[in-house]
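In: Attaching a predicted model along with its sequence, questions to come.
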Amino acid sequence: MADLTGVDIEAQFAHAPDVLGSEVCGELVLLDSKNWNYVELDDIGSRIWELLKEPRTLSALVAELIREFAVNEELCRVDTEAFLLDSIKNGIVISREASFREAATG
C-alpha cells in the first residue's frame, strides 16, 4: 500500500487510467483528466513515466534507473520514491493495491 510517508516496497506502480500526455517544448506534460492537475516532467521523470507503462515496483524502477544512469543507488531510491509519492498525490500514478482497494469499496 502507498501512503504519503513512504511506499510499500512490494507495491506495483503504474499510470493512472485517466492521464493524458504530450510533449510540449521538449518536455513531457501530463494531465489528469479527472481532476485537471497537470505535471511537467524532466528527462528522468519522463523515463520513469515511460517505465511505468507496465506496473513496476520501486525496486524494479531503481534497478533500471541505476543501470541506465550513473547514479548512486540510495539517492536514486530516495528520489524515485519522492517522484512516486508526488505522482500519486497529483493523481498521475496509482499503486496496484490502491486500485484494488478502490474497486472493492467503490
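Out: Alright, I've got the coordinates. Given the structure is predicted, the values throughout are model-derived calculations rather than measurements. Numbers count the residues shown, from 1 in each chain.
In: distance of the residue nearest to residue 11 when sequence neighbours are not counted from residue 50?
Out: Once flanking residues are discounted, residue 11 sits nearest to residue 95: 4.3 Å by C-beta to C-beta, 6 or more residues apart in numbering. In this view, the C-beta of every residue, glycine as well, is placed from N, C-alpha and C. According to C-beta to C-beta, to the nearest Å, residue 95 stands 18 Å off from residue 50.
In: how would you label the residue nearest in space to the middle of the chain: helix, strand or coil?
Out: Centroid-nearest residue in the chain: residue 84, 4.2 Å away (criterion: C-alpha atoms, centre = their mean). For residue 84, the assignment made with DSSP: H, G, I helix; E, B strand; the rest coil gives helix.
In: on that earlier part again, residues near the residue nearest to residue 11, how many?
Out: By other C-beta atoms under 10 Å, 23 other residues sit near residue 95.
In: Was I right to think it contacts residue 10?
Out: No - contact criterion C-beta atoms under 8 Å: residue 95 and residue 10 do not qualify, at 9.9 Å.
In: okay, and the helix or strand of this protein with the least pLDDT?
Out: Here the helix or strand of the chain ranked lowest by mean pLDDT, DSSP states H and E is strand 2-3, holding a mean of 40.
In: For stretch 69-87, give the mean pLDDT please.
Out: Stretch 69-87 carries an average pLDDT of 94.
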